[in-house]
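Engineer: Quick one, structure for this:
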Amino acid sequence: MSLAHWLLTSTTYGSWLPGDPRGSVTSVRDYRADDRRTGSRVEHDRPGTPWEPACPGLYRSAQSLLKSPPVVFDRPHALALVEQFVETARRRDWRLLAVAVMATHFHIVVAAPQQVSADKLLGDFKAWGSRALSARLGKPASGTWWTAGGSKRYKGDERAIHAALQYVLHKQHAPLVTWRPNSES
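Structural biologist: Numbers count the residues shown, from 1 in each chain. Just a heads-up that it's a prediction; the model follows:
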């Protein structure tokens, strides 16, 4: 069976908003859908495109729409997530290769059959992670743990897979938990 390897990332609710001072991955267009096509369209939500720079007005607007303060994980959250990510991968017969959970996001390196879409992978990890968090710790005030979507980066060769593993396991700032097969949380 041929496997596809992915680096998956998702952020917690409210932790990285459109217009964020750090930049953001946002669908920003230089023209409206009904404008005449000029070729100047810019999408900041596609791999290889630059992030959208800080946009204070957009950021304030996004903040004003939050239903609650941003979700910030602590170690019990991270441990619950890692346990559930391992279980989700096991039940789906996916190969979980590395996990890092930080206060406002997670990274997963996973191998799955090529017919399994990256959207399915990320969606299942987030859905089952949400169930585990809510069962153990109660639902967040916002009603959701996550931002919509997330990053799904295909890793097509051994070099790319190795780089993703190094990034997740050794290059995170202040990880609450890191995990790899045969490791303790």
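
Engineer: which stretches of this structure form strands?
Structural biologist: 3-11, 95-101, 105-113, 151-155, 177-179 (DSSP state E).

Engineer: how about the first one: buried residues?
Structural biologist: In this case it means strand 3-11. Under the neighbour-count criterion of 16 or more other CB atoms under 10 Å, strand 3-11 has Ala4, His5, Trp6, Leu7, Leu8, Thr9, Ser10, Thr11 buried. Using the backbone N, CA and C atoms, a C-beta is placed for each residue, glycine as well.

Engineer: care to break the chain down by domain?
Structural biologist: Under the assignment automatic domain parsing, the domains of the chain span 3-15+70-179, 21-56.

Engineer: Same list (those) but as JSON lines, adding distance to Ala62 and mean pLDDT.
Structural biologist: JSON lines is the format used below for these (distance: least, CB to CB, whole Å; pLDDT from 0 to 100):
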{"stretch": "domain 3-15+70-179", "distance to Ala62": "9", "mean pLDDT": "98"}
{"stretch": "domain 21-56", "distance to Ala62": "9", "mean pLDDT": "66"}
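
Engineer: Just say which of those domains is most tucked in.
Structural biologist: With neighbours taken as mean count of other CB atoms under 10 Å, the domains of the chain reach their highest mean count in domain 3-15+70-179, at a mean of 18.

Engineer: and it, how far from the chain's centre?
Structural biologist: Relative to the mean C-alpha coordinate of its chain, domain 3-15+70-179 is positioned 7 Å out (CA atoms, centre = their mean, to the nearest Å).

Engineer: so how far does it reach from one end to the other?
Structural biologist: 21 Å (CA to CA, to the nearest Å).

Engineer: contacting residues for Ala111?
Structural biologist: The neighbours of Ala111, taking CB atoms under 8 Å, 6 or more residues apart in numbering as the test, are Leu3, Ala4, His5, Trp6, Trp94, Arg95, Leu97.

Engineer: try 6 Å
Structural biologist: With contacts defined as CB atoms under 6 Å, 6 or more residues apart in numbering, the neighbours of Ala111 are Leu3, His5, Arg95.

Engineer: any idea how far Glu52 is from it?
Structural biologist: Ala111 sits 31 Å away from Glu52, taking CB to CB, to the nearest Å as the criterion.

Engineer: Before I go, just wanted to say thanks for your time.
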